[in-house]
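A.B. asks: give me a 3D structure for the following:
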Amino acid sequence: MTRTALRWLLAGVVALFTAWAVAPAVVAVYDGIGNPDEPYRWVKPPANAKTTKAPNLIYHGGPILTKTTTQAIFWGTSWKDPNFVQDKMTGLESFYTDVIGSGYANTNSEYTQADGQHVTSAMTHLPALTDLTAAPSRAPRTAQILGAVCKNVANPVENGFYAVYIDQKRGSAGYCAWHSYGNCGGSGPTFQFAFFFNLDGDSGCSVGAAVGSHQAGVAALVNVTGHELSEAMTDPHLDAWTDAQGEENADKCAWTFSGVLLLNSGWTIQGNWSNAAYDAATGYADPASHLTVKGCIDGH
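C.D. replies: Model (predicted):
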């Protein structure tokens, strides 16, 4: 998410906040609001909301990810229950495999860092890990999620992307997911990590329905995973590519869809902002018209 956060409440009220924190046992920097250690909040805007998100993204001097290693961590006691799991694990694993080298991943490739290197779709995906201890029952603090990564990953990879999926629902929390970065114990490689609620039956984070053979809950998780992964690639340390308001490339196209991305499994995934597409007027606007600027692409 962005350093200057745009919060869409379910009632349609918008608020902007910024907060930063460093955990004592682990080093974590994130774009947060609200409570001192509570991350960026975003949910789907009301259907009648109309916004214009322009101009283009600006480079702020920080690094991007020229390549990354992805790994999912499924945390919570429910991950041993087949009735809960359904196709969540297999669906997310197929997404991480299919996104490598995909047109969707390459929506991020125009963005560069100071030495001229580009974001690429080069990724290595490692098999998922499962932690069957109880996950937080309330919205977790950043240090808790970083701690889960450090607990479960023996040797985190420099610039890795570790996605923690808990079995608890969002409740009153005003966001679907977030990304951040840090390291374990104040030393070692710096990596990216992200957090995701259980989105079963969550209309505020849904793509609308099941997608093909996929359950609606995993379809929602895949969409927000694409969002957070794209932002981690283009703004991993929260100081690379954002617009003048602090929004990252996925924020500017949040909840905008041009259709189902086939990849190998078929998913409904939002687009990402492209400066080049906006400048050339080749991007798309949301068919629901809450985004009026045509700067989104999804790799079709």
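A.B. asks: what pLDDT, on average, does the longest helix along the chain get?
C.D. replies: Counting by DSSP state H, the longest helix found in the chain is helix 216-234. For helix 216-234, mean pLDDT rounds to 94.
A.B. asks: after it, next one along is what?
C.D. replies: Downstream of helix 216-234, the next assigned helix or strand under DSSP states H and E is strand 241-242.
A.B. asks: so what does that next one touch, helix or strand wise?
C.D. replies: strand 58-59 (3 or more C-beta pairs under 8 Å, 6 or more residues apart in numbering; DSSP states H and E). C-betas here are computed from N, CA, C, even on glycine.
A.B. asks: contacting residues for V99?
C.D. replies: 105, 121, 123, 226, 229, 263 (C-beta atoms under 8 Å, 6 or more residues apart in numbering).
A.B. asks: so which of the residues you listed would you say is closest to T90?
C.D. replies: L263 (14.1 Å; C-beta to C-beta).
A.B. asks: and the pLDDT for the closest one?
C.D. replies: Each residue has a pLDDT score; the one for L263 is 67.
A.B. asks: go on, the one 10 residues further on?
C.D. replies: The model reports W273 with a pLDDT of 93.
A.B. asks: do the same with the one 10 residues further on
C.D. replies: As predicted, G283 sits at a pLDDT of 89.
A.B. asks: at the geometric centre of this structure, which residue sits there?
C.D. replies: Closest residue to the average C-alpha location of the chain: E228 at 1.4 Å, with C-alpha atoms, centre = their mean.
A.B. asks: could you pull out the buried residues of the helix or strand C150 falls within?
C.D. replies: Secondary structure from DSSP H and E places C150 in helix 142-152. Going by neighbour count (16 or more other C-beta atoms under 10 Å), the buried part of helix 142-152 is 142-150, 152.
A.B. asks: what helices or strands is it leaning on?
C.D. replies: Taking 3+ C-beta pairs under 8 Å, 6+ apart as the contact cut, helix 142-152 packs with strand 27-29, strand 68-75, strand 129-131, strand 161-169, strand 177-184, strand 187-198.
A.B. asks: so which bits of the helix or strand that the second one is followed by are buried?
C.D. replies: By that I understand strand 68-75. Counting by DSSP H and E, the next helix or strand C-terminal to strand 68-75 is helix 82-85. Buried positions in helix 82-85, judged by neighbour count with 16+ other C-beta under 10 Å: V85.
A.B. asks: which of the contacts of V99 ranks first by neighbour count?
C.D. replies: L229 (26 neighbours; other C-beta atoms under 10 Å).
A.B. asks: list the contacts for that residue?
C.D. replies: L229 touches 70, 99, 161, 163, 179, 194, counting by C-beta under 8 Å, 6+ apart.
A.B. asks: likewise F74?
C.D. replies: F74 touches 88-89, 128-131, 165, 167, counting by C-beta under 8 Å, 6+ apart.
A.B. asks: do me a favour and average the pLDDT over the helix holding C150.
C.D. replies: On average, helix 142-152 scores 96.
A.B. asks: how far does that helix sit from its chain's centre?
C.D. replies: 17 Å (C-alpha atoms, centre = their mean, to the nearest Å).
A.B. asks: next one: stretch 143-161
C.D. replies: On C-alpha atoms, centre = their mean, the centre of stretch 143-161 falls 16 Å from that of its chain.
A.B. asks: next one: stretch 173-190
C.D. replies: Worked out by C-alpha atoms, centre = their mean, stretch 173-190 lies 12 Å from the chain centre.
A.B. asks: what's the answer for stretch 171-178, then?
C.D. replies: That offset, for stretch 171-178, works out to 12 Å (C-alpha atoms, centre = their mean).
A.B. asks: what does stretch 85-96 give?
C.D. replies: Its chain's C-alpha centre and that of stretch 85-96 lie 16 Å apart, by C-alpha atoms, centre = their mean.
A.B. asks: now it: buried residues?
C.D. replies: Across stretch 85-96, burial judged by 16+ other C-beta under 10 Å covers 85, 87-89, 91-92, 94-96.
A.B. asks: only C-alpha atoms, please: export that stretch in PDB.
C.D. replies: Only the C-alpha atoms of stretch 85-96 are listed here, as PDB (Å, rounded to 0.1, in the frame of the first residue of the first chain):
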ATOM      1  CA  VAL A  85      -9.000 -25.000   2.900                       C
ATOM      2  CA  GLN A  86     -11.000 -26.000  -0.100                       C
ATOM      3  CA  ASP A  87      -8.900 -24.700  -3.000                       C
ATOM      4  CA  LYS A  88      -7.200 -21.800  -1.200                       C
ATOM      5  CA  MET A  89      -3.800 -23.400  -1.000                       C
ATOM      6  CA  THR A  90      -3.800 -25.000  -4.500                       C
ATOM      7  CA  GLY A  91      -5.300 -21.800  -6.000                       C
ATOM      8  CA  LEU A  92      -2.700 -19.500  -4.500                       C
ATOM      9  CA  GLU A  93       0.100 -21.800  -5.300                       C
ATOM     10  CA  SER A  94      -1.100 -22.000  -9.000                       C
ATOM     11  CA  PHE A  95      -1.200 -18.200  -9.100                       C
ATOM     12  CA  TYR A  96       2.400 -17.800  -7.800                       C
END
